[in-house]
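[1] Sequence and predicted structure, then a few things I'm wondering about:
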Amino acid sequence: MHRHNIAVIGTGYVGLTAGACLASLGHRVVCADLDPEKVAELNRGRVRILEDGLPELVREGLDTGRLRFVVGAAGAVRGARTVFVCVGTPTGADGHADLTAVDAVVEEIRPLLEPDSVLVTKSTVPVGTAARVTAALGRPDVGVVSNPEFLREGTSVRDFLRPDRVVIGSDSPWAAAQVAELYAGVDAPVLITDAASAELVKYAANCFLAVKLSYINTIAELCEQVGADIGRVTAAIGRDHRIGGAFLMPGPGWGGSCLPKDTRAMLSTADAVGVDFPLVRAAIDTNTHQRARIAAKIARLCGSGGAAPLDGVRIGLLGLTFKAGTDDLRDSPALALAAELARRGADITAHDPAVPTTRTAGLPDGITVVDDPHQAAKGASALVLGTEWPQYRTLDWTRIAAALHQPVVVDTRNHLDPDALSAAGLAWHGTGTGPVEPALTHA
Ligand code: NAD
C-alpha cells in the first residue's frame, strides 16, 4: 500500500476520527484546527470528545510519528497530496447548509496547495459544492473530490474503518483514484461516482433514515391509540429484508448534529431546483409533533392540568445527549424535551454519564445536572428516560421508587425493563405501548 501525506482540516468528530484512522492505516497525517488549546491537548494525546477507541488511536499515531496537530489549515497543507476538509456545515438562513467554514478553508489554502494535489470535502455539503470549490480554487491542477462521511458518533472509529461503503465522487477520474488508494486498508466496497451524485448520497441517506424514524414514531402513536404494541410490530416488520430492523425504535423524536440539519438542507436544495419533497417535510413535521406529544404525555402524567400545568413540579431526567455513547448535545431530543418541560414550569434535575455537573455549554436554563442518576429521582413527580445509556437499565429501582414523589417512569425510548420497574412498585410508561402498572404486593 502507498503511504500518503495527508492534511485534515477540522478536528471535530469527523476530522479527528478520519485523521487518526488514516494514520492507523499507515499514512502520514497532519490535522489542523483553529482552537490552539485543543491542538495542544491533542498533541499531548488528550481527546476531548467521547469516542470509543479514539484516544488510543490518537496516542498510537503520536507515538509512531504518523499523526500530529497544528493550529490553522495553512500549517497542515504543505507537502500534502490530499487535503480533507472536515469543518462544520451548520444550518444557515432558510435551512441552507452554511458553507462559511468550508469557504474560509478553501480561501486560506488555495495558494498553498501542492501542485497536482487533491482537495476532498468530507464535510456534508450540498450538491454543487465541488463545482463551487473548483471555481473558488482557480487551480486547474488541483483535483476536487466529494467523499461524504457516514460515521455515527459513539462508534466513529469502527464506522470509519469498517464502513458499509466508501463513496468517492469526482469529475476528475485521477483525483477519485488517488482518494480511493487511501482506503486500501479499509474492508468495504468503494463506490466511485461523479461529484454531484456523491454529494447527494449523504443527504439522500440521512433523509431516508429520518423518514424511517418519523414513520415508526407515528406507528407508535397509532399503537397507543389502538392498543397495539410497537415492540411486537417492529419485531415483525423488521424481519422483512426489504425494510430491515435498523432505525425502527420509537423515541422522543430524532436529533443530533446531522439529521435535523441535513433534512432541512435537502428541502432547501430541492426547493432551489423546483422539486417538491413533501415526504421529507412530513418527516420534519412528524418529528416536531413527536417531541411535543411526548412532552404533553409527561405533563399529563404529572401535571395539575392547569394553564401552567407543571408549575413547580419536579421532573427527573435520565440522559441529555442525543443518543448513548456520545457526549454530543447538539439538537438532542432529550434536551428539547427538557426545555419544553421547563417552559411549562417544571424544575428539571438531570443526569447523564457524559455530561459533568460543571458543564453549562449547550444546556438550556432551568436544568440542574447531578452526578448520580438516583439523585435525579429525588422528589420528582416523574422520572423520564431521554437517552438510552445502557447503565440506566440496571439502576436500583427500589431506591428510585423510594426517592420519587410519584411512582411514575416515562421511558421515551422503551429502553428499560418494565417488569423490573413494576416489581419495584413503579408504573412504566413507554412509547407506542400500554403502561405497565406496579405489581401488586401481597402482605
Ligand atoms: P465539529 O463541529 O465537531 O468539528 C468541526 C471542527 O472544525 C471544529 O473543531 C472547528 O474548530 C474546526 N474548524 C472550523 N473552521 C476551521 C478552519 N478554518 N481551520 C481549521 N479548523 C476549523 O463537526 P463534526 O461533527 O466533526 O462535523 C463536520 C462535518 O462532517 C459536518 O459537515 C457534518 O455534517 C459532517 N458529518 C458529521 C457527522 C457526525 O456524526 N458528527 C457524521 C458524518 C458527517
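    Cool, the structure landed. Numbers count the residues shown, from 1 in each chain.

[2] From now on I want contacts and neighbour counts done on CA atoms only, so please keep to that.
    Will do.

[3] The protein: strands as residue ranges?
    For the chain, applying DSSP state E gives strands covering 5-9, 28-33, 67-71, 82-85, 118-121, 143-146, 166-170, 190-193, 314-318, 347-351, 367-370, 382-385, 408-411, 427-429.

[4] what lines up beside the second one in the sheet?
    Okay, so that is strand 28-33. strand 5-9 (parallel), strand 67-71 (parallel) (DSSP bridges).

[5] show me the contacts for the most centrally placed residue in the chain.
    The residue lying closest to the centre of the chain (Cα atoms, centre = their mean) is Gly256, at 3.9 Å. Shown in contact with Gly256 (Cα atoms under 8 Å, 6 or more residues apart in numbering): Phe322, Lys323, Asp328, Leu329, Arg330, Asp331, Ser332, Pro333.

[6] Tell me, how many residues neighbour the residue in the stretch 251-400 of the chain that the ligand sits nearest to?
    At 5.4 Å from the ligand, Cys258 is the closest residue in the stretch 251-400 of the chain, using Cα to the nearest ligand atom. Other residues lying near Cys258 total 19 when counted by other Cα atoms under 10 Å.

[7] what sits against it?
    Counted by Cα under 8 Å, 6+ apart, Cys258 has contacts Asn206.

[8] any idea how far it lies from Ala93?
    Going from Cys258 to Ala93 by Cα to Cα, to the nearest Å gives 17 Å.

[9] now swap in Leu301 and tell me
    From Leu301 to Ala93 the distance is 38 Å (Cα to Cα).

[10] same thing with Ala210?
    Counting by Cα to Cα, the gap from Ala210 to Ala93 is 21 Å.

[11] out of these two, which sits in the more crowded spot?
    Ala210 (25 against 9).

[12] what about Pro126, how many residues close to it?
    Neighbour tally, Pro126, other Cα under 10 Å: 23.

[13] Against Thr218, how distant is it?
    Pro126 is 29 Å from Thr218, where distance means Cα to Cα.

[14] Could you do Arg281 as well?
    Taking Cα to Cα, one finds Arg281 at 15 Å from Thr218.

[15] same deal with Ile109?
    Ile109 sits 47 Å away from Thr218 when distances are taken as Cα to Cα.

[16] swap in Leu25?
    Counting by Cα to Cα - Leu25 and Thr218 are separated by 43 Å.

[17] go on, Gly434?
    15 Å.

[18] do the same with Arg139
    Going from Arg139 to Thr218 by Cα to Cα gives 50 Å.

[19] try Thr394
    From Thr394 over to Thr218 (counting by Cα to Cα), the distance is 29 Å.

[20] which one of these two has more residues nearby?
    Under the neighbour definition other Cα under 10 Å, Thr394 and Thr218 were set side by side, and Thr218 has more, 18 against 10.

[21] Quick check: pLDDT value at the closest residue to the more buried one other than its chain neighbours.
    Leaving out its chain neighbours, the residue that sits closest to Thr218 by Cα to Cα, 6 or more residues apart in numbering is Thr286, at 7.5 Å. If you check Thr286, the pLDDT there is 98.

[22] Run through the residues of the stretch 51-200 of the chain sitting next to the ligand.
    Residues of the stretch 51-200 of the chain found near the ligand (Cα under 6 Å from any ligand atom) are 72-73, 86-89, 101, 104-105, 123-124, 149-153.

[23] which of the residues you listed count as buried?
    72-73, 86-89, 101, 105, 123-124, 149-153 (16 or more other Cα atoms under 10 Å).

[24] from those, which is closest to Pro250?
    Proximity of these to Pro250 was ranked by Cα to Cα; the top entry is Arg152 with 18.4 Å.

[25] The closest one is in contact with Arg158, isn't it?
    No - the criterion here is Cα atoms under 8 Å, and Arg152 misses it with Arg158 at 9.1 Å.

[26] what do those two both touch?
    What both Arg152 and Arg158 touch, as defined by Cα under 8 Å, 6+ apart, is an empty set.

[27] touching the ligand at all, stretch 239-255?
    No - figure legend: stretch 239-255 not in contact with the ligand (Cα under 6 Å from any ligand atom); closest approach 11.1 Å.

[28] Buried residues in that stretch, which are they?
    Phe247, Leu248, Met249, Pro250, Gly251, Pro252, Gly253, Trp254, Gly255.

[29] quick one, the longest helix along the chain and strand 166-170 angle?
    With secondary structure taken from DSSP state H, the chain has its longest helix at helix 195-226. Angle, helix 195-226 to strand 166-170, by axes from the mean of the first three to the mean of the last three Cα atoms, to 10 degrees: 140 degrees.

[30] what's helix 195-226 packed up against?
    Applying 3 or more Cα pairs under 8 Å, 6 or more residues apart in numbering; DSSP states H and E, one finds that helix 195-226 makes contact with helix 129-137, strand 143-146, strand 166-170, helix 230-237, helix 259-272, helix 278-302.

[31] Flag every buried residue along it.
    195-204, 206-224.

[32] ok and that helix relative to helix 230-237, angle-wise?
    Using the same axes, to 10 degrees: helix 195-226 against helix 230-237 is 130 degrees.

[33] quick one: average pLDDT of helix 195-226?
    Helix 195-226 comes out at a mean pLDDT of 98.

[34] where does that helix sit relative to the chain's centre, distance-wise?
    15 Å (Cα atoms, centre = their mean, to the nearest Å).

[35] That one versus helix 278-302: what angle between them?
    Using the same axes, to 10 degrees: helix 195-226 against helix 278-302 is 40 degrees.

[36] Next, the angle from helix 195-226 to helix 259-272.
    Going by the same axes, to 10 degrees, helix 195-226 makes 120 degrees with helix 259-272.

[37] residues of stretch 138-145 that come out buried?
    So stretch 138-145, judged by 16+ other Cα under 10 Å, has buried residues Arg139, Val142, Gly143, Val144, Val145.

[38] can you check stretch 385-399 too?
    Judged by neighbour count using 16+ other Cα under 10 Å, the buried positions of stretch 385-399 are Leu385, Gly386, Thr387, Glu388, Trp389, Tyr392, Trp397.

[39] ok, the residue nearest to Gly53 when sequence neighbours are not counted - contacts?
    Leaving aside its sequence neighbours, Gly53 sits nearest to Val157 (Cα to Cα, 6+ apart; 6.6 Å). By Cα under 8 Å, 6+ apart, Val157 lies in contact with Thr17, Cys21, Glu51, Asp52, Gly53, Leu54, Leu151.
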